[in-house]
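>>> task: produce atomic coordinates for the following.
(3 chains)
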Amino acid sequence: MLSVEDNEMLTRVGPRTPMGELFRRFWLPALVTSELPDRDGPPVRIRLLGEDLVAFRDSSGRVGIIGARCPHRLAPLFFGRNEEGGLRCAYHGWKFDVGGTCLDMPNEPPERQFKQRITQTAYPTREQGGVIWVYMGPSAVMPDKIPQFEWVQAPEGHQFVAKWLQRTNWCQGMEGEIDTSHISFLHSMKEVYNPEALVAQSPSVLEKAALDGAPRLTLLETPYGFSYGSRRRYEDRYYWRVTRWLFPMYSLIPGTAHGGAGRCWVPVDDEHTFTFHYQCRDDRPFNDAEIAQFSEGGGFPPRMERTKYVLRDGGIIDTWVPTANLENDYLIDRQMQRDVNFTGIWGVNEQDRSLQEGMGPIVDRTKEHLGTADIAVLSARRLLLNMAKKLMQGDEPTLPQDAAAYNLRPLEVLDPEDDFRSILEKYDATLGAAAF
Amino acid sequence: MLSVEDNEMLTRVGPRTPMGELFRRFWLPALVTSELPDRDGPPVRIRLLGEDLVAFRDSSGRVGIIGARCPHRLAPLFFGRNEEGGLRCAYHGWKFDVGGTCLDMPNEPPERQFKQRITQTAYPTREQGGVIWVYMGPSAVMPDKIPQFEWVQAPEGHQFVAKWLQRTNWCQGMEGEIDTSHISFLHSMKEVYNPEALVAQSPSVLEKAALDGAPRLTLLETPYGFSYGSRRRYEDRYYWRVTRWLFPMYSLIPGTAHGGAGRCWVPVDDEHTFTFHYQCRDDRPFNDAEIAQFSEGGGFPPRMERTKYVLRDGGIIDTWVPTANLENDYLIDRQMQRDVNFTGIWGVNEQDRSLQEGMGPIVDRTKEHLGTADIAVLSARRLLLNMAKKLMQGDEPTLPQDAAAYNLRPLEVLDPEDDFRSILEKYDATLGAAAF
Amino acid sequence: MLSVEDNEMLTRVGPRTPMGELFRRFWLPALVTSELPDRDGPPVRIRLLGEDLVAFRDSSGRVGIIGARCPHRLAPLFFGRNEEGGLRCAYHGWKFDVGGTCLDMPNEPPERQFKQRITQTAYPTREQGGVIWVYMGPSAVMPDKIPQFEWVQAPEGHQFVAKWLQRTNWCQGMEGEIDTSHISFLHSMKEVYNPEALVAQSPSVLEKAALDGAPRLTLLETPYGFSYGSRRRYEDRYYWRVTRWLFPMYSLIPGTAHGGAGRCWVPVDDEHTFTFHYQCRDDRPFNDAEIAQFSEGGGFPPRMERTKYVLRDGGIIDTWVPTANLENDYLIDRQMQRDVNFTGIWGVNEQDRSLQEGMGPIVDRTKEHLGTADIAVLSARRLLLNMAKKLMQGDEPTLPQDAAAYNLRPLEVLDPEDDFRSILEKYDATLGAAAF
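Numbering: from 1, shown residues only, chains lettered A, B, ... in the order given. From the prediction side, this is the model:
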């Protein structure tokens, strides 16, 4: 439960908002590489932190993320020509490179040197791990490196990355991600009510989680955010899941063989989010069959299609949009809900979004009733609000400069140990240098 | 013609508005029984008086109407599981019964007794006359009984009830209902302009009404609202129609053989209304052929389909939505308007809605020009505003406690008598105990 | 670049706004004649200067443009009956003639003489040049004559007029019209980058314009607005284009054989515009083949369909709506953009609207960066704001009374002369009486 003021601060991300400024201290995922496959190819409309932008890959392969509108008369650059080292506005031919320099202004007499006085908003970009990253903050504090997640550093093909639109504030998605107890319900199968039947089998993650719906959580704050262990009874041992939450909106989730997975909740604006899903394996690249399977949905990403999308305020972006959505009730099947799974909704992300988007674009956190199961949600909010408030007072965060801090793994084990710190120490070797 | 302030007071029905509080003193129709046919069946999303609610029939057949969002994290309960005596949220498994008691909270340790501190908004319900009724006001003044209309008390099958969405404020629909002069025009056939041709026939209600477009109205205020008689010349006698208007939004309309009919205008929110149509016969149940005929449209209900519907503010409800609507100009046929009927629009309710919805969600009553034909409209407004203002001053209305006052009938007769009180006295025996 | 205040003043056109009042001093195009083909035919919903209106042609052929809602209870007159000299409301039969007089009020007793006290808003209309004109201002200053453009005065059939909806403020369209330099880019073919190839051919207007993307503009203010010459180098001479801009929103564009063409940007409301395109030839009527060709699109009008249209605030009008639009990205074809023309968008108006509508309904002129090429845009804004401010101080404009001032032509010539005034003097004879 938050005050009205804190809920506002947590969720508003436009220019000059406290949380918007905090996000502008970090490199952020902006597009997946496949959105800009070709040099001089079609530009892509995006919105990030409430700013309308256009992304393009220039003739030499560099990616530009610049203001969506030509500074001349504010025509949309999306309709422009991407050619010969820059994006040229279709209205009067003004042309900008990836750095925002005006390369050409053919409708003005050169002797007036008007061109030299015009620059377009342009944000630095990087490309690694299948993702195009952007930095939208002050250049004086721009981190040298993007976050060095394992999946970012991994050789090409060892990671799988997908992106889609969620129609909520970024925080609503992130909170769902670090809320461990919901997986015992939202994502469980019908057999949650017959645990004995499950024990006879080799249970999957969700089945193990379903056996104990009230896990004990231990949360340790760290420089990067926090690490929490959720302990569920499982036969004569414990089923431990260790999840990382990293500023400002990353999660590392256990349960994927051979490496971590997680999501990044990148604010499009106050009411929309780009969800980036990543998955990584340390032993070999994903093969074609695996990638084909990811695209079929069921887990992450959801079933989705590439399309233009009109945002609530009339703005337009190009993105993937899930097939199951608010308009079709996430294709809920009440018979399936009776016989097969908890929700009658197919697909893990579909299940998440049915509730997160169903809360409305920005949930009213003054009306919540949070319990002990919500400790991670509460901690993330508090840590974010504190860091944003400090920044408002001029106290720049140091974490963005520490790219190595992001080199972490999640963890899941079956172990009789009941203490979280002991679990972390025991399995430290597999957890990377900065385990906690 | 109203002041801006009175129009606001008349039309706003959310929590803590004067008219919203007045409506919260009465039992209100919320759903028709057929919306919740099965125990443990799918829940239904509704909105009433601006509050988002979810209705469900539990394992023992009781109907719950509770807050639409789980009090935990405000996820929509619509996606939940209706099972074993309550509705269980799909997010973390919290479960509520029809009274709002939290029956289960499986993601929290029982020893914390968090469950005992949580209750969900829940409103008392009753089920009678083919309708599920709800009371949304203070329990201290909850009436013991729902309004004892003849159609409510009649044995099962003697009444026919239907419900659909009207896309206006509740008052706009109600005003159309008690506006007797419009039927001579809006609902008339082309022959309105050739009354002589009609007299040769056995005229129907509408034809009789069409013969005299300027009826004389006499209105008598009563404890339940008012009764008005409209007197039209018809050959050597008068065609008398006696209509009842009952607080806060009921009408009893003459003209249906063997019993009354009417509509209830239940506010969904300020800009949408559930229209409930009821019809009753005192001699026998409606037969299948009659019910089939009702469903074909033409009178009430309109042609319609069951669907989810997105309200103007993005809220979602499950309801019947008329086929002819604002988007398709109510399927107006200008050739039919020339040759067949006054409007070129097929169906009585379609004709009504074309104008009522065409006025916009909340008509600006400061710009009207009302005449003598509008006396019933003016009276209903005045009586409602007075009762709402008294309630604001702490003066609770007594009518809601008097369920028997609703046991009334409308009337139509051909009679040479020209005085309304004499007509009422003469036909008193058929009018129920509290004729006026 | 404008201040926030001036941008507001320039773009707001509702009743009692400064620019709205200025527009209400001029006769304005409201419909094309073909929208009301038949006496007693279906009425047409329009909105002009933010006022909802209904247009109809009565039994004697006169055109009425009256308030959209019946003064009684504000029901939409669109659903009414157009018959026997007036439009009769479908609700209670009130009937109004083209002048707003209430001809009949059949639901009220005649002896009350209520009818005599009711009048409907009604605006004077004229019909000439294929257009129905309306005057929405004070009757004391109503100009005797509509603007005497050549195309207005021309015999029937010598002009071609079309109308469609543009989804921007009126000024955004008008500014695009008088912005000569954009045609070298937005409307150019791929060969803009290979001018030598063009010189060998007989170049069209657009090709000639494409050869010099930075034309020199000379603008002369006149009583009617301004005349500007744009001078482009073309071999050893100049390609001169002389464009007229006339208060409050007319343009006369050179380049059409045998007479002028242009557009009128009539404000529907602050966020929508009726674009009227006119074209005229002085030698003979347009033949069927020419008219058929116009309807195929490519130039003006765009490809479009007749339909009802729901405006952003929910209001409804009947109009032509272009096929290529914001929702389908104006059917941009990136392959065509690479190989054929500058934009990959088919059709001159489609190209214009892609950028003008892409700017949003009301562009934020505080963020522009205007150069020397924008002198006409700057002048029109300044002249309009000055005239509107004077009117606010009670200084009525005299131009509306001078219908003859509109009898002008545009001009295009190839000539070695480099001075605009000399060009105007040289070609004066063909330019009408009030050339500048």
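
>>> specify the local secondary structure of the closest residue to A:His369 other than its chain neighbours.
Distances taken as Cβ to Cβ, 6 or more residues apart in numbering or on different chains place B:Pro71 nearest to A:His369, at 4.9 Å, with adjacent residues excluded. Just so you know, the C-beta spots here come from the backbone N, C-alpha and C atoms, and that holds for glycine as well. State at B:Pro71, reduced to three classes by DSSP: H, G, I helix; E, B strand; the rest coil: coil.

>>> now do B:Pro71, the pLDDT please.
Looking at B:Pro71, its pLDDT stands at 98.

>>> surely it and B:Gln120 touch.
Yes. Here B:Pro71 reaches B:Gln120: they are 5.7 Å apart, a contact under Cβ atoms under 8 Å.

>>> ok, A:Glu296 - how many residues close by?
For A:Glu296, the count of nearby residues is 10 (other Cβ atoms under 10 Å in any protein chain shown).

>>> burial count for the residue nearest to A:His369?
B:Pro71 has 20 nearby residues by other Cβ under 10 Å.

>>> list the contacts for it?
Counting by Cβ atoms under 8 Å, 6 or more residues apart in numbering or on different chains, B:Pro71 makes contact with A:Lys367, A:Glu368, A:His369, B:Trp94, B:Ile118, B:Thr119, B:Gln120.

>>> can you rerun that using 7 Å?
Each residue near B:Pro71 by Cβ atoms under 7 Å, 6 or more residues apart in numbering or on different chains is listed here: A:His369, B:Ile118, B:Gln120.

>>> ranking by neighbours, what's the top pick from those?
Using other Cβ under 10 Å as the neighbour test, the contacts of B:Pro71 are led by B:Gln120, with 25 neighbours.

>>> for that residue, give me phi and psi.
Dihedral angles of B:Gln120 (phi, psi; degrees, to the nearest 10) stand at phi -100, psi 140.

>>> ok, it - contacts?
Shown in contact with B:Gln120 (Cβ under 7 Å, 6+ apart): B:Ile66, B:Gly67, B:Pro71, B:Phe96, B:Gly100, B:Cys102.

>>> wasn't the last one part of a strand?
Yes. According to three-state DSSP, the state of B:Cys102 is that of a strand.

>>> and the closest residue to it other than its chain neighbours, how far from C:Ser34?
Distances taken as Cβ to Cβ, 6+ apart put B:Ile118 closest to B:Cys102, at 4.5 Å, once the chain neighbours are dropped. Using Cβ to Cβ, to the nearest Å, B:Ile118 is found at 66 Å from C:Ser34.

>>> related to what we said a few turns ago, what's the closest of the contacts of B:Gln120 to A:Trp151?
A:Trp151 lies nearest to B:Pro71 out of the contacts of B:Gln120, by Cβ to Cβ, at 37.5 Å.

>>> how much space separates the closest one from chain C?
34 Å (Cβ to the nearest Cβ, to the nearest Å).

>>> what ranges of the stretch 151-300 of chain A fall below the confidence cut-off?
Across the stretch 151-300 of chain A, residues meeting the criterion (pLDDT under 70) sit at A:190-211, A:213, A:255-259.

>>> near chain B, which residues of it are found?
A:Ser181, A:His182, A:Ser184, A:Phe185, A:Leu186, A:Gly213, A:Ala214 (Cβ under 7 Å from any Cβ of the partner chain).
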